[in-house]
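[1] predicted model and sequence below, questions to follow.
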Amino acid sequence: MTHPPGARDRFEAIYNAHYPAIHQYAARRTDSREDTADVMSETFLTAWRRIADVPEGETALLWLYGVACRVLANQRRGQSSRAGLAERLRDESSATRASGPDGLDHVRVAFDGLSARDREVLALACWEGLTGPEIGRVLGCTATAARIRLHRARRRLARALGLTEEDQAITELRGESL
């Protein structure tokens, strides 16, 4: 496979700019360092093989999130149980609990009880800080569909937390989001 001139420099620039974000994305969604390393290598191998398809600028990160999302889906397809993901999230949460606010176990339980699709859209918004249009690009849907998925996932999380519609309205008035 031959690449056009400058492909190596472009790949290195993309790798250096986006490695931390993609690593964090993968680490939050895998059960072990080895699984994270597998996702990273597959994601950046795909980027190298398809370097001509990687968009310019900051949209390259969204493209890489989409690749990593598909790599993770392929990885999980072979696994019989998804219980390890919830355990990994709990382990990560308990590791950061000392520096974070206490009493969030009910939030973790509610989050873990959501569907994988709801957890992913909430994680893209909250953990990765993506907007509706960016989430749409990662998930391969329109910005409107992404916003609707996010809105519905937030409603389901609020319901799982036992919040009433009045509680949700007050939260939205304060400018906070679930």
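    Thanks, I have the structure now. Numbering: from 1, shown residues only.
[2] look up phi and psi at the residue nearest to the spatial centre of the chain.
    Centroid-nearest residue in the chain: residue 124, 4.2 Å away (criterion: C-alpha atoms, centre = their mean). For residue 124, the backbone dihedrals (degrees, to the nearest 10) come out as phi -60, psi -40.
[3] who are the contact partners of it?
    65, 130, 134, 135, 138, 139 (C-beta atoms under 8 Å, 6 or more residues apart in numbering). To be clear about C-beta, it is placed using only N, CA and C from the backbone, and glycine gets the same treatment.
[4] tell me which element the first one falls in.
    Remark: residue 65 resides in helix 59-77, with elements defined by DSSP states H and E.
[5] flag every buried residue along that helix.
    For helix 59-77, burial by neighbour count (16 or more other C-beta atoms under 10 Å) applies to 60-65, 67-69, 71-72, 75-76.
[6] give the other helices and strands that the lengthiest helix in the chain contacts.
    Ranked by residue count and defined by DSSP state H, the top helix of the chain is helix 7-27. Judged by 3 or more C-beta pairs under 8 Å, 6 or more residues apart in numbering; DSSP states H and E, the packing partners of helix 7-27 are helix 33-49, helix 59-77.
[7] may I see the buried residues of that helix?
    Under the neighbour-count criterion of 16+ other C-beta under 10 Å, helix 7-27 has 10, 11, 14, 18, 22, 23, 25, 26, 27 buried.
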